[in-house]
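Peer 1: Turn this into a structure:
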Amino acid sequence: MRIRVRVPATTANLGPGFDAMGLALGLYNEIEAEPAPALEVWIEGEGADVLPRDSTNRVVRAAAALFERMGSTLPPMRLRCHNRIPLMSGLGSSAAAVVGGLALAQAWMGSWDPPEALLEFAAALEGHPDNVAPALLGGLVLVARDEDGLTADRVPIPPMRVVLALPGVTVSTEMARRLLPSHLPLADVVYQIGHAALLVHAFREGDWKLLGRAMRDRLHEPYRARLIPGYEQAVGAARAAGAAAVCISGSGPALAAFAPEGHEAIATAMAAAFEEAGVPARTWIVEAASEGVQVEVTSG
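Peer 2: Numbering: from 1, shown residues only. Below you'll find the model as predicted:
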């Protein structure tokens with residue numbers, strides 16, 4: 001038996017949708033698994049020089065957690081992880097590892113529950129749902145938790161391309177969360193609600209002008225921007241090159257720029273702006289991914 005799992009990167013928050021909104025992106029980690037005499041973990045690509053190759057690997061831990069939940073233990077297997085999602089980038093590498101591990105374990109056990117069945121458990125392992133939900137379901141996903149538990153729903157959006165710019169700085173999620181205010185003035189709360197609602201409508205309609213206005217935030221971006229050298233310059237360069245909207249991806253430091261066209265020019269402008277600020281940067285142009293995690297099982 002051989003199992004192949006493909007998990008998309010994700011960008012969460014999207015401005016005002018803090019911890020409640022995420023979008024799957026066409027940048028993928030792939031995992032291959034097959035039986036082996038003992039656990040083996042092979043890693044290539046992003047994080048190959050730092051990620052653990054034993055039972056502490058995040059993919060392995062997620063898979064083992066699902067086996068344990070089902071009253072079993074992780075069988076010995078050989079894992080090959082082909083990573084394209086940069087670590088600590090704000091592009092959902094941790095969520096991809098969790099979702100990939102869970103999908104792998106589910107397939108190994110021969111269970112074919114829909115991805116939604118893994119959502120609550122994935123969110124518990126990851127600590128928050130806004131990245132694991134689009135990694136599981138694909139597309140633009142809204143998430144909320146209340147007294148009845150966690151719910152997630154996809155919003156249909158037209159095809160679109162996204163420019164990602166990742167400056168060469170480290171921003172941990174924990175560090176980025178410590179900067180956030182514990183209270184907001186009522187006016188800012190109203191601002192957030194209104195802009196989040198407009199943002200969903202703008203995405204659904206493909207309204208680029210509205211998207212640029214709706215993707216404004218007062219809750220986290222003004223604080224997290226301080227951790228990203230060259231942030232103002234890169235955002236300004238993206239807009240000057242034709243971007244309709246720009247946001248910090250997750251907790252950063254990656255930025256995501258949305259535009260109907262001219263993506264190559266936007267990517268070049270953002271990279272140049274970061275370079276002028278003294279920070280090297282990598283860029284990608286990716287599709288918004290309509291599908292979440294995908295699994296293929298073959299015999300032999």
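Peer 1: residues contacting the residue lying closest to residue 19 once chain neighbours are set aside?
Peer 2: What sits nearest to residue 19 in space, not counting adjacent residues and going by Cβ to Cβ, 6 or more residues apart in numbering, is residue 130, at 5.3 Å. (Glycine included, C-beta is placed from N, CA and C.) Contact analysis of residue 130 by Cβ atoms under 8 Å, 6 or more residues apart in numbering lists 10, 12, 13, 17, 19, 20, 21, 22, 143, 250.
Peer 1: Which of these sits closest to residue 95?
Peer 2: Using Cβ to Cβ, residue 10 comes nearest to residue 95 of the contacts of residue 130, at 6.1 Å.
Peer 1: hang on, the earlier thing: kindly indicate whether the residue nearest to residue 19 is helix, strand or coil.
Peer 2: coil (DSSP: H, G, I helix; E, B strand; the rest coil).
Peer 1: Any regions of the stretch 201-300 of the chain where pLDDT drops low?
Peer 2: 300 (pLDDT under 70).
Peer 1: in the stretch 151-300 of the chain, which spans are helices?
Peer 2: Remark: helices assigned in the stretch 151-300 of the chain by DSSP state H, counting those that start in this stretch are 173-178, 186-205, 208-214, 221-224, 231-240, 263-276.
Peer 1: right, and these - which one's nearest residue 167?
Peer 2: Evaluated with Cβ to Cβ, those place helix 263-276 nearest to residue 167, the distance being 4.8 Å.
Peer 1: got the contact list for the closest one?
Peer 2: Contacts of helix 263-276 (Cβ under 8 Å, 6+ apart): 161, 163, 165, 167, 229-230, 233-234, 236-238, 240-243, 255, 257, 259, 280-285.
Peer 1: Would you mind checking those for buried ones?
Peer 2: 161, 163, 165, 167, 229-230, 233-234, 237-238, 241-243, 255, 257, 259, 281, 283-284 (16 or more other Cβ atoms under 10 Å).
Peer 1: Filter the contacts of helix 263-276 down to just the ones in strands.
Peer 2: If you go by DSSP state E, the contacts of helix 263-276 have 161, 163, 165, 167, 255, 257, 281, 282, 283, 284, 285 in strands.
Peer 1: Which of the contacts of residue 130 sits closest to residue 29?
Peer 2: residue 10 (11.1 Å).
Peer 1: And the closest one, which helix or strand is it part of?
Peer 2: Element membership for residue 10, per DSSP states H and E: strand 2-12.
Peer 1: Next up, the contacts around residue 293.
Peer 2: 5, 6, 7, 8, 99, 100, 103, 115, 135, 136.
Peer 1: Let's have the residues you listed in a markdown table, adding distance to residue 42, pLDDT and neighbour count.
Peer 2: Converted to a markdown table, the contacts of residue 293 look like this (distance: Cβ to Cβ, whole Å; pLDDT from 0 to 100; neighbours: other Cβ atoms under 10 Å):
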| residue | distance to residue 42 | pLDDT | neighbour count |
| --- | --- | --- | --- |
| 5 | 14 | 97 | 29 |
| 6 | 17 | 98 | 18 |
| 7 | 17 | 98 | 32 |
| 8 | 21 | 98 | 32 |
| 99 | 19 | 97 | 33 |
| 100 | 14 | 97 | 28 |
| 103 | 18 | 96 | 27 |
| 115 | 26 | 79 | 23 |
| 135 | 22 | 98 | 32 |
| 136 | 25 | 97 | 29 |
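Peer 1: how about those residues in a markdown table, adding distance to residue 207?
Peer 2: Shown next, in a markdown table, are those (distance: Cβ to Cβ, whole Å):
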| residue | distance to residue 207 |
| --- | --- |
| 5 | 35 |
| 6 | 31 |
| 7 | 30 |
| 8 | 24 |
| 99 | 30 |
| 100 | 34 |
| 103 | 34 |
| 115 | 29 |
| 135 | 26 |
| 136 | 27 |
